[in-house]
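Asks: Quick one, what's the 3D model for this:
(2 chains)
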Amino acid sequence: MYPTIERTLDMSPLSRIISVAIGAGLLATAALSTNAMAQTWDETLSAARGQTVFFNAWGGSPKINDYIAWAADRVEEEFGIELRHVKVDDTAAIVARVLAEKTAGRDENGTVDLIWINGENFATMKSGNLLAAPFAQSLPNFALVDVEATPTAISDFTVPTDGQESPWGMAQLVFMYDTARVASPPRSAADLLAWAQANPGRLTYPQPPNFTGTTFLKQIMLDLAGSDPALQEPATDASFDAVTGPLWQWLEEITPSLWRQGKAYPANGTVLQQLIDDGEINIAMTFEPAGASSAIEQGLLPETVRTFIFDGGTIGNSHFVAIPYNSSARASAMVVANFLLSPEAQARKQDPAVWGDFTVLAADRLSPADANIFDAIPRGVATLSPTELSPTLAEPHPSWVGRLEAEWQRRIIGSN
Amino acid sequence: MLRAFPTAAVFVFLVPVLTGLTATVFPAFGLQPGLDDWSFDFGAWRDLAATPGIGRSIRLSLTTGIGATMISLLLVFSFIASSYDRPGFARARKFLSPVLAIPHAAMAIGLAFLVAPSGWIARAISPWATGWTQPPDAMLVQDSAGLALIIGLVVKETPFLFLITLSALSQANMDRRMSVARSLGYGPIIGWVKCILPVIYGPLRLPIYAVLAFSLSVVDMALILAPTTPPPLAVQVFAWARDPDLAMKFQAAAGAILQLGLVASAIALWSCAARMVAWGCRPFLSNGRRGGSGRLAAIIPGSGFVLLFTAAAAGIASMAVWAVTWRWRYPDVLPSTWSITNIQRHGPDLFAPAGVSILVALLAAGIALALVLGSLEHERRRSLTLGRWVMWLLYTPMLVPQIGFLFGFQILLIRTDLDGTLSAIVWTHLLFVLPYVFLALGDNYRAFDERLAVTAQTLGVGPNRIFWTIRLPILMRPILIAFAIAFAVSVAQYLPTVFAGAGRWETLTTEAVTLASGGDRRITGLFALIQALLPLVVFAAAAGLPAWLYRNRRAMQVAHG
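Replies: Numbers count the residues shown, from 1 in each chain, chains lettered A, B, ... in the order given. The predicted structure follows:
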C-alpha cells in the first residue's frame, strides 16, 4: 500500500528502527516479569472470585448497555465475578458521589467499584485523590497496548494516567451528514461557517458542557488556530485569549445561522443524532467514528447518512475505566478491567453491529488468530477507513475545557 | 402505642429535611465540615451572582412557576363553577384521575414529541397542508419564554388541583350552599364564586402552595421542556451539584438556598396577592348582583379540560406507537416500519426495574398508610385537632425544593451506612408519599359518620374492634385510593431514588430518565409507557376492588361513593 504522507513524515527509517527496538525491549521486559506478575495476578484472580463489581457507566445507549451485559455474563462464567452495570446519565454525578463518600469519611466499602471515565472527570478524580493506587500496568492484557503508537492510552487529555485508569476504547470526532440533503460536505471550520450561512437552521451542536459539544468547540479552535504548543500546557489568561480569539469570532458569525438561531441546543450527542433522523438538521457531529454505521443498522438514522472529517484532521482521544480509592472490590474490578482489554472483548466491541468502538490494542501485538478476528470485522457503510480518519489531533490540556465552557456560557448564554 | 404514630410520622419528616438543609447551608457559606474547612466566606454567592444569565434563570423560574399555578387554578375554578351541575363534571373526574397517575417525566417526553416541529402534530399536517418538506426551524419546545414548560406543568397540575378542590368541596357542603344560593336567585357561576370560593380557598391554600413550590423547582420535566440558554434556576442548581469541578459544590449549595428563597418569596407574594384580591372583591361579593345562567361561559374552561386530557392521552399514545416502531421519520403520520423487536429485546430488561419500582412503592405506600391511619385514629381518640404547624410540617417536603436538602440528606445516609439500601429509598420516598396520603385520607377519615361507632360502642365493642371491623371496611374506598395515589407518587420519584439509592437501585423512572438522555424514542417510549401503566393498573385495582369486595352489600356500592 502507498504510505500516506503523514506516516512518511513522522516515521523516518531511523525512528522506525528505534521504535521497533523499544517495542522489542518492552516485550522482553514483559516476558521477564511474566512470572512474578503471574503469581500476583493469580492471587488477584482468586481474591476476585465471588466479588460483586458495581460498574458505573453511562447508560444512555442501549447497544452499549447490551455490550456491558454481555461482558457481565462472560466474567461471571469465567471468573465468578458478578458485574452489575449502574446506569449513569452523567459521569460527573459519580465523581460527586465518590466525593460525597470521602466527605462523609467512608474510606472503604465505597459504592462505586469501577467507573467509565476520561478527560476532565479523570483529572478531577486524580487531583482530588479519589482514585485507587495505579493498577493498569499490572493487567496482563495491557501488554497488548502499544503506548508508543497510541499515546492517548497513557495520556488522558495530556494528563498522565499513571496507571490509575486502564484504556478501554478509542474515539475520534467525525461529522455526519445526510447525503440526500448535502451534496458536498464542508471540510474546514471556514467552509462549515459558509455552509451554515447558506443553509440556516440546519446545523447545531450539543450544549457545552456536554462533552461532544465541548469537543466541537475544541475542534473549531484547533482548526482555526493550528497546533499551538500552548495547548499542551495548562491554559493561562494570556494563552487562552490568544488561541481562542478566532473561535469566538467564528462562533459570533455562525450562531444566528444555527438551528433555533442558536437560542436552544440539544442536550447531548444522541439527541443531536435524533435531530438528523427527524430531518431537523443536516449535519451533526459524533465522537464515535462507527456510530453512524451502527445507528443506520439499528434503524436510528436514514441509510443516506455518511461521515466526514475536516481536511486538517479531527480530535481523537481514549476512554478508560478507573477504580475509586474506596472501592469495595478492587481485585475483581481489576479482573473486569483486564477482561475489557482482552482481544475477545475488544473485537466484539469494535463490531458496528454490537457497538462500533475502536480497539486500543495494537494489531502487531495480537496472536495471528486474534488479528484475523479483528480483520474480519466489517467496517460499516458510513465508517471512514483508518487512512480517511487521519490525521488525528491531540486533545488540549484539560484546563482548557473549563475555560472554554465558561467563556461559551458568558458569550452565548450571557448575551442571548 | 397509638401515641407513637404521630411521633414516628414527624420523625420521618423532620430528620431528613433538617439535616439535609443544614448540610446544604454550610457549604453555601464556604464551610465544609467533612474537610475541616471552617473559613466563612461569601465566594459561592459572588460566583452565583456572576453566573451568566442568572437573572434570566430566576425570572424564568418565577414566570413559569407562577404562570403554571395560576393557569391551572383558574382552569379548575372556572370549570367547577361553570360545570358542577352538568354531566361533563363526572366525566372530568373519571378522565383526569389517570392523568394524575402518569409520572411527570413520561408526560413531558410524550408532550415534547407531540408539539415539536418534527413532532406528531406537524407530521399529521405535513407536507400536504403546510408545505414543510423538512421540519420548520421553529422553537416550539424549550422556547425562551418557557411556554412549553408551562403547558406541561398545567397538564400535570390541573388534575391534582381539581381532585383536591373536589375534596374541599365535599367538606364545605357545596350542594347545600348552592341550593340556598340558587333559591335566592343567584346564577350558577356567580353563586359559586360568591358563596363557595371564599369558603374553600382556605383549606386549598397549602395544596396551592405545594403546586407553586413544585412548579418553581421542577427538574425532570424542565430537563425535557424548559429552555437551556439559560435554564430555570432549579435545573441550573442540579447541573452544578453534578459538576465534576468540586468548587461548584459551594455554588450549588448557594443556588439551592437561593431556590429556597425563591419559593418562599413566591409563596409570600401569592399570599399577599390573594389577600388583596379578597379585599378588593368585598364590594363585589355583597353587591347583590345575581348573574346570568352562565351557559356560554362554560365553553372555555370545558374545552380547556378537553384539550388538556387529549394532549395527555395523545402524548402517552405516541409513546405506545414508538414502542412498536422500527422506522418512523418525518413527515410520516405513522411508522413506515412496525416491529416488536424492541419489546422482544428490551422487554426482559423491564422486569428487574419494574420489580424494584413495585417493591419500593408497595412498602412506601403501605408504611405511609399505616402511619397516617395510626395518627388519624390517635387524633380522633384524643379528640385532638391538628395544629396549623403540623399541616405546614406535613407539607415541608413538598414546599422545600428537593435539590435543597437531598444532597445533604445523602451525606447523612452515607454516615449511617444506610445509603444504597432499600430502607434508605423507602424512607426518602416516604417523605414525598406521606403528605399525599394525608391529603387524600384526612378529610374522609374525619368525615366518618361517628353515629356508627357510637352504636357499636353501646353494644359493647371496644375501640380497636371498631377500628378494624367498622371504620376500615367503610373507609375502604378512600383508603385504597390513597394507597393508589401513594403508589403513583412513589413510582414517579426520580431525584430521591438516585440520591438515596446510590444509583444501585434501578426503577422504571430512573431507567426512563436515563434512556431519555439516549435519544432512542422506541426504547424511551416502551419504558415511559410501562412507567405510566403501572400506577394506572393500581388505580384501576383500587377503584375496582371495593366494588368486588362489597358486591353483596347494597349500601356500600358505588352509588353513594
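Asks: Can the helix or strand where B:I367 lies be said to contact chain A?
Replies: Counting by DSSP states H and E, the element that carries B:I367 is helix B:341-381. Yes - contact of helix B:341-381 with chain A (C-beta under 8 Å from any C-beta of the partner chain) involves B:345-346. The way it works is simple: take the backbone N, C-alpha and C, and place the C-beta from them, glycine included.
Asks: Following element in sequence after that helix, please.
Replies: Counting by DSSP H and E, the element after helix B:341-381 in chain order, helix or strand, is helix B:388-399.
Asks: Following that next one in sequence, what is the next regular element?
Replies: Note on helix B:388-399: by DSSP H and E, the next helix or strand toward the C-terminus is helix B:402-415.
Asks: who's in contact with that next one?
Replies: Taking contacts as C-beta atoms under 8 Å, 6 or more residues apart in numbering or on different chains, the residues outside helix B:402-415 that touch it are A:100-101, A:103-106, B:15-17, B:19-24, B:34, B:217, B:219, B:234, B:237-238, B:241, B:252-253, B:256-257, B:259-260, B:419, B:424, B:428, B:495-496, B:499-500.
Asks: What residue spans form the domains of chain B?
Replies: With domains defined by automatic domain parsing, chain B comprises B:1-41+B:341-561, B:52-339.
Asks: State the mean pLDDT of the first one.
Replies: Domain B:1-41+B:341-561 shows a mean pLDDT of 82.
Asks: again, but for stretch A:151-169
Replies: The pLDDT scores in stretch A:151-169 average 92.
Asks: what about that stretch, start to end distance?
Replies: Distance across stretch A:151-169, first residue to last, is 13 Å (C-alpha to C-alpha, to the nearest Å).
Asks: quick revisit: which of the contacts of helix B:402-415 fall within helices?
Replies: Using DSSP state H, the members of these that fall within helices are A:100-101, A:103, B:15-17, B:19-24, B:217, B:234, B:237-238, B:241, B:252-253, B:256-257, B:259-260, B:424, B:428, B:495-496, B:499-500.
Asks: Give me the buried subset of the residues you listed.
Replies: Neighbour-count burial (16 or more other C-beta atoms under 10 Å in any protein chain shown) applied to the ones in helices among the contacts of helix B:402-415 gives A:100-101, A:103, B:16-17, B:19-21, B:23-24, B:217, B:234, B:237-238, B:241, B:252-253, B:256-257, B:259-260, B:424, B:428, B:495-496, B:499-500.
Asks: What residues does the stretch 101-250 of chain A have near chain B?
Replies: So the stretch 101-250 of chain A meets chain B at A:101-106, A:111, A:120-121, A:124, A:128, A:181, A:200-202, A:207, A:209 (C-beta under 8 Å from any C-beta).
Asks: Filter those down to the buried ones, PyMOL style.
Replies: With 16+ other C-beta under 10 Å as the burial test, the buried ones among those are selected in PyMOL as follows:
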select buried, chain A and resi 101+102+103+104+106+111+120+121+124+181+201+202+207+209
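Asks: one step back: packing partners for the helix holding B:I367?
Replies: helix A:62-79, helix B:4-28, helix B:422-446, helix B:476-492, helix B:508-516, helix B:521-549 (3 or more C-beta pairs under 8 Å, 6 or more residues apart in numbering or on different chains; DSSP states H and E).
Asks: Which residue ranges of the stretch 251-400 of chain A form helices?
Replies: Applying DSSP state H, counting those that start in this stretch to the stretch 251-400 of chain A gives helices spanning A:269-277, A:291-297, A:330-340, A:343-350, A:368-376, A:399-408.
Asks: nearest spatial neighbour of residue 75, skipping sequence neighbours?
Replies: As the question left the chain open, I've gone with chain A. A:I81 (4.6 Å; C-beta to C-beta, 6 or more residues apart in numbering or on different chains).
Asks: That was the other one, I meant chain B.
Replies: Nearest non-adjacent residue to B:L75 (C-beta to C-beta, 6+ apart): B:G304, at 5.1 Å.
Asks: The one you found and B:F77 touch, don't they?
Replies: No - the criterion here is C-beta atoms under 8 Å, and B:G304 misses it with B:F77 at 11.5 Å.
Asks: What does whichever residue of the stretch 101-250 of chain B sits closest to chain A show for phi and psi?
Replies: Closest residue of the stretch 101-250 of chain B to chain A, C-beta to the nearest C-beta: B:D137 (3.3 Å). When quoted as degrees, to the nearest 10, the phi and psi of B:D137 stand at phi -90, psi 70.
Asks: residue contacts, B:F238?
Replies: B:F238 makes contact with B:219, B:403 under the criterion C-beta under 8 Å, 6+ apart.
Asks: got it, and A:I117?
Replies: Applying C-beta under 8 Å, 6+ apart, the residues contacting A:I117 are A:91, A:125, A:165, A:319-322.
Asks: Which residue, other than its chain neighbours, is closest to it?
Replies: Leaving aside its sequence neighbours, A:I117 sits nearest to A:A322 (C-beta to C-beta, 6+ apart; 5.1 Å).
Asks: and that neighbour, how many neighbours?
Replies: By the measure other C-beta atoms under 10 Å in any protein chain shown, the count of residues near A:A322 is 28.
Asks: what's the answer for B:W338, then?
Replies: Residues within reach of B:W338, counting by other C-beta under 10 Å, total 13.
Asks: same deal with the one 5 residues further on?
Replies: Other residues near B:I343 number 15, with proximity taken as other C-beta under 10 Å.
Asks: That one touches B:F527, doesn't it?
Replies: No - the pair B:I343 and B:F527 does not pass the contact test of C-beta under 8 Å, sitting 11.2 Å apart.
Asks: how near is B:T325 to chain A?
Replies: 9 Å (C-beta to the nearest C-beta, to the nearest Å).
Asks: For that residue, give me its contacts.
Replies: B:335, B:337-339, B:342, B:521-522, B:525.
Asks: for the closest residue to B:D143 other than its chain neighbours, phi and psi?
Replies: Counting by C-beta to C-beta, 6+ apart, B:D143 lies nearest to B:P227, which is 6.3 Å off, once chain neighbours are set aside. Phi and psi for B:P227, reported as degrees, to the nearest 10, are phi -60, psi 160.
Asks: before we move on, what about B:T507?
Replies: B:T507 adopts backbone torsions of phi -110, psi 170, taken as degrees, to the nearest 10.
Asks: surely A:D156 meets A:S318?
Replies: Yes - shown here, A:D156 and A:S318 form a contact pair, counting by C-beta under 8 Å, at 6.9 Å.
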